[in-house]
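J.: Predicted model, plus sequence, below.
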Amino acid sequence: MYNISFIKIVIGNTMNKHRPYRWGSGNMCKNQVSTGLIVACLLLSGCVTTPAEIHHKTGVKPQKQASDLTACQVKAANAVTASIQVRSTPIFQTRTKMNCRIVDDNIRCKETGGRISGGDVRTYDANADLRERVTDECMTKKGYMKYEFRRCTPSEVKNSSTTNTIFPPVTEMTCAKQTSTGGWVLVNPE
């Protein structure tokens with residue numbers, strides 16, 4: 001997502017007053033401002049919540065929706081088998097440098113650099129997206145629509161009923177609250 005080592009270099013070099021960091025015009029103030037913006041964006045990105053994706057059908061009990069979703073997920077798992085793929089990140093090696101000095105009429109050399117990074121192995125299921133599409137299609141055939149609901153704010157949860165015996169109709173204000181069991185309750189704030 002973000003190249004953290006790049007950000008460390010920018011922050012480290014702009015904070016070092018003895019060795020000014022030059023990028024573009026070399027204006028130190030511009031670099032400090034851009035560094036501050038980068039740090040602020042990174043901090044704020046942690047506050048963003050992802051929407052809740054829910055298959056919704058007005059008037060259906062959450063237990064029935066969960067049962068239908070499980071049946072569709074099983075059908076999709078049987079129809080689209082897992083295809084586990086293995087990938088590795090590229091391997092990089094830093095340049096080596098030989099530093100030599102004379103000590104007591106002897107030449108002593110020390111090699112620095114040559115650090116190897118990367119080569120991390122990861123696995124993923126290449127068919128995961130297809131299996132999700134098959135699940136969505138199955139739920140659509142059962143009369144559900146997939147929505148992305150924003151997550152409810154604490155005040156919306158406090159001022160509204162958070163126990164759904166059936167899924168309410170969807171409005172522009174509908175939001176989702178996650179339950180302690182991992183399910184979702186839909187809230188129509190008043």
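T.: On my side now, so go ahead.
J.: Run through the helices of the chain in chain order.
T.: Applying DSSP state H to the chain gives helices spanning 4-15, 28-45, 62-79, 128-141, 154-158.
J.: Pick out the shakiest of the ones you listed, pLDDT-wise.
T.: Here the lowest mean pLDDT among the helices of the chain goes to helix 4-15, at a mean of 36.
J.: If we ignore the residues flanking it in sequence, what's nearest Arg95?
T.: Gly113 (5.2 Å; Cβ to Cβ, 6 or more residues apart in numbering). All C-beta spots, glycine's among them, are computed from the backbone N, C-alpha and C.
J.: Equivalent analysis for Glu190, please.
T.: Nearest residue to Glu190 in three dimensions, chain neighbours excluded: Ser160, at 6.0 Å (Cβ to Cβ, 6+ apart).
J.: Next, that neighbour: phi, psi?
T.: Geometry field for Ser160 lists phi and psi as phi -130, psi 160, criterion degrees, to the nearest 10.
J.: Assess the claim that it and Asn188 are in contact.
T.: Yes. In this structure, Ser160 is within contact of Asn188 by Cβ atoms under 8 Å, at 6.9 Å.
J.: Now do the same contact list for Met173.
T.: 188-189 (Cβ atoms under 8 Å, 6 or more residues apart in numbering).
J.: What's the per-residue pLDDT of it here?
T.: Here the pLDDT value assigned to Met173 is 90.
J.: How about the one 5 residues further on?
T.: According to the model's per-residue confidence, Gln178 sits at a pLDDT of 86.
J.: now Trp184
T.: Looking at Trp184, its pLDDT stands at 83.
J.: Spatially nearest residue to it (excluding sequence neighbours)?
T.: Spatial nearest neighbour of Trp184, excluding adjacent residues (Cβ to Cβ, 6+ apart): Ala176 at 4.9 Å.
J.: List the beta-bridge partners for the one you found.
T.: Here Ala176 sits in beta bridges with Arg151, Leu186, as judged by DSSP bridges.
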